[in-house]
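A.B. asks: task: produce atomic coordinates for the following.
(2 chains)
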2 protein chains.
Amino acid sequence: MSGQLTLDDLRALDERDPLASRRARFRLPADGVYLDGNSLGALPRRTPAAVADLVENQWGRDLISSWNGHDWIGMPQRLGGLIAPLIGARASEVIACDTTSTNLFKLICAAMTAQPGRPVVLSEPGNFPTNLYMAQGAVGLLGDRVLRTVPVDEIAGAIDESTALVMLTHVHYKSGRKLDMKAFTAAAHAKGALILWDLSHSAGAVPLWLDRNDVDLAVGCGYKYLNGGPGAPAFLFVADRLQERLHSPLPGWMGHDAPFAFEDEFRPSAGILRFLCGTPSVIGMAALESGLKEFDDVDLDALHAKATALGGLFIRLMDQRCDGFGFELASPRRGESRGSHVSYAHPEAYPICQALIARGVVGDFRAPDLLRMGFAPLYTSYADVWVAVETLHAVMHERAWDSDMFRTRARVT
Amino acid sequence: MSGQLTLDDLRALDERDPLASRRARFRLPADGVYLDGNSLGALPRRTPAAVADLVENQWGRDLISSWNGHDWIGMPQRLGGLIAPLIGARASEVIACDTTSTNLFKLICAAMTAQPGRPVVLSEPGNFPTNLYMAQGAVGLLGDRVLRTVPVDEIAGAIDESTALVMLTHVHYKSGRKLDMKAFTAAAHAKGALILWDLSHSAGAVPLWLDRNDVDLAVGCGYKYLNGGPGAPAFLFVADRLQERLHSPLPGWMGHDAPFAFEDEFRPSAGILRFLCGTPSVIGMAALESGLKEFDDVDLDALHAKATALGGLFIRLMDQRCDGFGFELASPRRGESRGSHVSYAHPEAYPICQALIARGVVGDFRAPDLLRMGFAPLYTSYADVWVAVETLHAVMHERAWDSDMFRTRARVT
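C.D. replies: Next up is the predicted model:
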C-alpha cells in the first residue's frame, strides 16, 4: 500500500487479519471507536459470567470453602502463569497482586536493601509519576539513598558503581516510545546494577522477552491491554535466580511460608510467593483471569505485528488527512521504537479530545498538550483507525473543538 | 431466661429481634448454619446486581468515562463515608483502599517517621500475624527501630518515652477478647505515644467510638462483618488532627494533590486522600459498597446488643449441651469483654470442625486447637445458635469427628 490509503485498503487488512475474530469477543461501542484500551481495556464478553460465577456461586453459595474448593488461594500464581507467556517469563517468576504502585515499592526496596553499598535509584524525569513517587517514598524511608533522574538517552552513561537499581518504563505512557530492553538491561548489568522494568503499556501489546534479555525485575498493570477491568490487580516479576536473595518490604501474611500456622515471626515463602502481601482481591482476580484468557491461543507474533501496523497506519492517515491542523507527532515514527499508542501534541489537545469523544471516538488527553490514541490489537480494527482519523479531520475542519462545552475540564481525563 | 434454654426460647428471641428482617437480605445456606461471617461475610442478595452493573454498564458500556461519570475516582472516600458511622469517626477520617496489611504498613511507617526520637513499636505476641509482620517489615526498612511485644495485660505498663506507636487489635482473632479502647488509648497518650487499632474483627459487629476515645490511627477489613466479598478493599482511619502531620510511606499517584497533573515530585493531597496509593480495585469497591449499604438504617445499638447476645447464648448452650466433651472456653465469658466470635479449645478441634462442616455448620479452626464460631449480627439468627450447638453435641456424642476423612488438612481452613 503506497500512495493514498483508502477505507477499502483498511477493510482489506481487516479481512486478512488473523485476529479479526477476536473483536467479537469484546463489548465495544456500537456507534464509535474506542482507542483508549491502553488506559482501560474493553470488557471481554465472557467476563460478566465469570464475575457472576465468582460472586454468586463461589462466594454466595460456597462461601469460605472456596479458598480451597475454587482455589482462590492459588489465584496470584495461577494468573501469573497466564501472564508469563505474554512477557517472556517462566510461570515461577510472575504473580498477580496488589497495585502497580505497591509492586514498584516492593521491588525498589528489595533491590535497594539487597545492595547496601549502592545508594542510587536511577530513572528518567517524566517517567509515569507513580514510579518516581514510589522511589521517592522508598529512598525517604531507607535513608542515605537517593533517586536520581537523568534524560533517558543519558541513562546508560549515568549507571555506575553507586547505582543499585535502574528503573525504566518500557513504553512511555505519553510518547509511546519503546526502550531497548536488551541494551538497557545489559548496561545496568555491566555496572553490577539491577534493572526494574514497568511493563504497564507493553504487556499484551508488544513483544517482551524478560528471560531472554536477562531482566531482573518487572511490574505491570492488569487493566490496560490485559483487559482485567478497572483497578484490576497488577503483576510482578522477579527472575528465578534472584528470588531467594530478595526480601519484600511488605511482608504480609500471604507471603509467609505457612500463612495458616499463624506464627509471630515472618518467614518468607520460597520463590515468588514471598512477594505477596495481604489477602488478594478475589473478585478483581476473577475479572483479570477472564481478561487474560482472551489471549489463549493467540499468535503473539501476529498480535505484535498488528499493534505496530495499527499505529503506523494511524500516523500515515494523520499525514494524509490532518496535515496543516497544527498536530505534531510526539511518538516515534518507526514501529520498532514505538509501543501500541500514538500521541500528537497540539495546543488545543484538550478540547479536541473532548470533541472527538462527543463524536464517539474515545482517545485521551495527557497534560499539557497531548492527544493520545491507543490501539489494543486484540479488538481494534484497521477500519477503526480510518474512522478515528476521518472524525478528527472533521472536528478540525469544522473547528468543532472550539466550544466552551469542550474546554471545561473534568477531574479525571 | 434462666434455667435450661429451649429452642422455643431462641425462636422467641428471633421473633422479637428488630434486625430479623435483615436476614432475608443475605444468601445463606438452605440446609446449614453459617458461623464464619467473621472470616468471610455472606453475600448480600443485592450485591450480584451491583457488581453486574459495575461490570456490564459502567465498565462495559461507559468505559473510561466512568472515572468521572460513575465517580469511580470518589469511591475510596465515598465508601469511607459509609464506614465512618460504623466506627464512630467522621467521614473525613476514613477511606477504603488496598489491603489491611498494606494499610498497617502505611500507618506504622507514618507514625514512626513522625516521631524520630521514639524507636519502639509496641504490640502483643500472638497478635494477628500480618500486624506483626508488617511492623517487622517497617522497622527493618527504617533502621534503628524495634518491634517489642509484651503480653497484652502488660502493655500499658510497657509504654514509655521510647514508644512511638502502640499497635493493638481491638477484638483478638482467636480469643475474641475485646480490649478497652479508651483505656489503652489514654495510656498511650499519657506517654506521648500514638495508637493504631486493628478493627478487622470489630467493625460492623461491636460498638466503636474512635473519635470519642481520641484514637489516632486505625485499619480494618472489608470482607468480614462489612460483607464486601473475598479480598474486599480494606479501610484506614487517620484522625483529622493528625492528617497533615503524617506522611504515607507509599506515596502513590492516587494520593497526590493533583494526580492528573503528572508531576515528577510527590505533593501529598490535603486530608485523608494522601493515604491512597495506586488505582483502587473498582470492582471490589462496588461489592464493598453494596455490602456497606446493608447497614443503612440499622439501629447500631440493637446490632451490637444482638452480637453480644448471640455469643452469650452460644456459651450458655455449650455449658448446657456440650459439657464433658473436653471443650475449654477460650473467649471471655462476659459479653462486655468479648467481640462477636467465641472460641473453644479442644485437642481434636480440627477434625471436630471438619465434621461440623460436613453437617452444614460452618465455623472455623484456628491452629493449634481452637474451634471458632462467628456471629454476624446482621444475618445470624438465635435459632442458628441452637442448631450449631445441637449439631456439635451430635458430632461429639457420636464421635463423628474421629475419622480419617476429617483429619486430613486442607491448605487453608
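A.B. asks: OK, contacts around the nearest residue to A:I159 once chain neighbours are set aside?
C.D. replies: Using CB to CB, 6 or more residues apart in numbering or on different chains and skipping residues adjacent in sequence, the residue nearest A:I159 is A:K191, 4.7 Å away. Glycine gets a C-beta too; all of them are placed from N, C-alpha and C. By CB atoms under 8 Å, 6 or more residues apart in numbering or on different chains, A:K191 lies in contact with A:159-161, A:163.
A.B. asks: next, A:K191: phi, psi?
C.D. replies: In terms of degrees, to the nearest 10, the main-chain angles of A:K191 are phi -100, psi 10.
A.B. asks: got the contacts of A:K191 as CSV, with secondary structure, neighbour count and pLDDT columns?
C.D. replies: As requested, the contacts of A:K191 are exported to CSV (DSSP: H, G, I helix; E, B strand; the rest coil; neighbours: other CB atoms under 10 Å in any protein chain shown; pLDDT from 0 to 100):
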residue, secondary structure, neighbour count, pLDDT
A:I159, coil, 21, 98
A:D160, coil, 12, 98
A:E161, coil, 10, 98
A:T163, strand, 22, 98
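A.B. asks: ok, these vs chain B, which is closest?
C.D. replies: Lowest distance from chain B to those (CB to the nearest CB) belongs to A:T163, with 19.2 Å.
A.B. asks: where does the prediction get shaky in chain A?
C.D. replies: Applying pLDDT under 70 to chain A flags the ranges A:1-2, A:410-413.
A.B. asks: would you tell me which helix is longest in it?
C.D. replies: helix A:300-321 (DSSP state H).
A.B. asks: only C-alpha atoms, please: export it in PDB.
C.D. replies: Taking C-alpha atoms only, helix A:300-321 is exported to PDB below (Å, rounded to 0.1, in the frame of the first residue of the first chain):
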ATOM      1  CA  LEU A 300       1.600 -13.400  19.700                       C
ATOM      2  CA  ASP A 301       3.700 -12.600  16.600                       C
ATOM      3  CA  ALA A 302       0.600 -11.700  14.800                       C
ATOM      4  CA  LEU A 303      -0.700  -9.700  17.800                       C
ATOM      5  CA  HIS A 304       2.500  -7.600  18.000                       C
ATOM      6  CA  ALA A 305       2.700  -7.100  14.200                       C
ATOM      7  CA  LYS A 306      -0.900  -5.900  14.200                       C
ATOM      8  CA  ALA A 307      -0.200  -3.400  17.100                       C
ATOM      9  CA  THR A 308       2.700  -1.900  15.100                       C
ATOM     10  CA  ALA A 309       0.700  -1.800  11.900                       C
ATOM     11  CA  LEU A 310      -2.300  -0.100  13.600                       C
ATOM     12  CA  GLY A 311      -0.100   2.700  14.900                       C
ATOM     13  CA  GLY A 312       1.800   3.000  11.700                       C
ATOM     14  CA  LEU A 313      -1.400   3.400   9.700                       C
ATOM     15  CA  PHE A 314      -2.700   5.900  12.100                       C
ATOM     16  CA  ILE A 315       0.400   8.000  11.500                       C
ATOM     17  CA  ARG A 316       0.100   7.600   7.700                       C
ATOM     18  CA  LEU A 317      -3.500   8.600   7.800                       C
ATOM     19  CA  MET A 318      -2.800  11.600  10.000                       C
ATOM     20  CA  ASP A 319      -0.100  12.700   7.500                       C
ATOM     21  CA  GLN A 320      -2.700  12.200   4.700                       C
ATOM     22  CA  ARG A 321      -5.700  13.900   6.300                       C
END
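A.B. asks: so which bits of that helix are buried?
C.D. replies: A:303-318, A:321 (16 or more other CB atoms under 10 Å in any protein chain shown).
A.B. asks: again with stretch A:32-44
C.D. replies: In stretch A:32-44, counting by 16+ other CB under 10 Å, buried: A:32-44.
A.B. asks: which of the residues you listed sits closest to B:V55?
C.D. replies: A:L43 (6.9 Å; CB to CB).
A.B. asks: name the nearest residue to the closest one, sequence neighbours excluded.
C.D. replies: In this structure, A:L43 finds its nearest non-sequential neighbour in B:G60, 3.6 Å apart by CB to CB, 6+ apart.
A.B. asks: phi first, then psi, for that neighbour.
C.D. replies: Per-residue torsions, B:G60: phi -60, psi -50 (degrees, to the nearest 10).
A.B. asks: which residues are in contact with it?
C.D. replies: Contacts for B:G60 were tallied using CB under 8 Å, 6+ apart; they are A:27, A:42-43, A:48.
A.B. asks: same list (those residues) but as a markdown table, adding distance to A:W67 and secondary structure.
C.D. replies: Output for the contacts of B:G60, formatted as a markdown table (distance: CB to CB, whole Å; DSSP: H, G, I helix; E, B strand; the rest coil):
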| residue | distance to A:W67 | secondary structure |
| --- | --- | --- |
| A:R27 | 31 | strand |
| A:A42 | 31 | coil |
| A:L43 | 27 | strand |
| A:P48 | 23 | helix |
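A.B. asks: which two among those residues are spaced furthest apart?
C.D. replies: Greatest spatial distance among the contacts of B:G60 (CB to CB): A:A42 and A:P48, at 12.8 Å.
A.B. asks: helix/strand/coil for A:L236?
C.D. replies: Judged by DSSP: H, G, I helix; E, B strand; the rest coil, the three-state class of A:L236 is strand.
A.B. asks: my read: it touches A:F105, true?
C.D. replies: No: using CB atoms under 8 Å, A:L236 makes no contact with A:F105, being 10.7 Å away.
A.B. asks: where's the residue most central in space within chain A, which helix or strand?
C.D. replies: The C-alpha lying nearest the average C-alpha coordinate of chain A belongs to A:S200 (CA atoms, centre = their mean; 1.9 Å). Under the criterion DSSP states H and E, no helix or strand holds A:S200.
A.B. asks: mind checking how far it is from A:D404?
C.D. replies: To A:D404, A:S200 is 34 Å away according to CB to CB, to the nearest Å.
A.B. asks: equivalent analysis for A:A270, please.
C.D. replies: Using CB to CB, A:A270 is found at 60 Å from A:D404.
A.B. asks: give me the more crowded residue out of these two.
C.D. replies: Ranked by neighbour count (other CB atoms under 10 Å in any protein chain shown), A:A270 and A:D404 place A:A270 first, with 10 against 7.
A.B. asks: quote the end-to-end distance of stretch A:109-126.
C.D. replies: In stretch A:109-126, first residue to last residue: 21 Å (CA to CA, to the nearest Å).
A.B. asks: mind listing the strands for the stretch 1-150 of chain A?
C.D. replies: Using DSSP state E, counting those that start in this stretch, the strands assigned to the stretch 1-150 of chain A run over residues A:26-27, A:33-34, A:43-44, A:94-97, A:120-123, A:146-149.
A.B. asks: out of those, which is closest to A:L226?
C.D. replies: Among those, strand A:94-97 comes nearest to A:L226, with 9.3 Å by CB to CB.
A.B. asks: could you say what helices and strands the closest one packs with?
C.D. replies: Secondary-structure packing of strand A:94-97 (3 or more CB pairs under 8 Å, 6 or more residues apart in numbering or on different chains; DSSP states H and E): helix A:75-87, strand A:234-238.
A.B. asks: of these, which is nearest chain B?
C.D. replies: Evaluated with CB to the nearest CB, those place strand A:234-238 nearest to chain B, the distance being 7.3 Å.
A.B. asks: no more questions from me, cheers.
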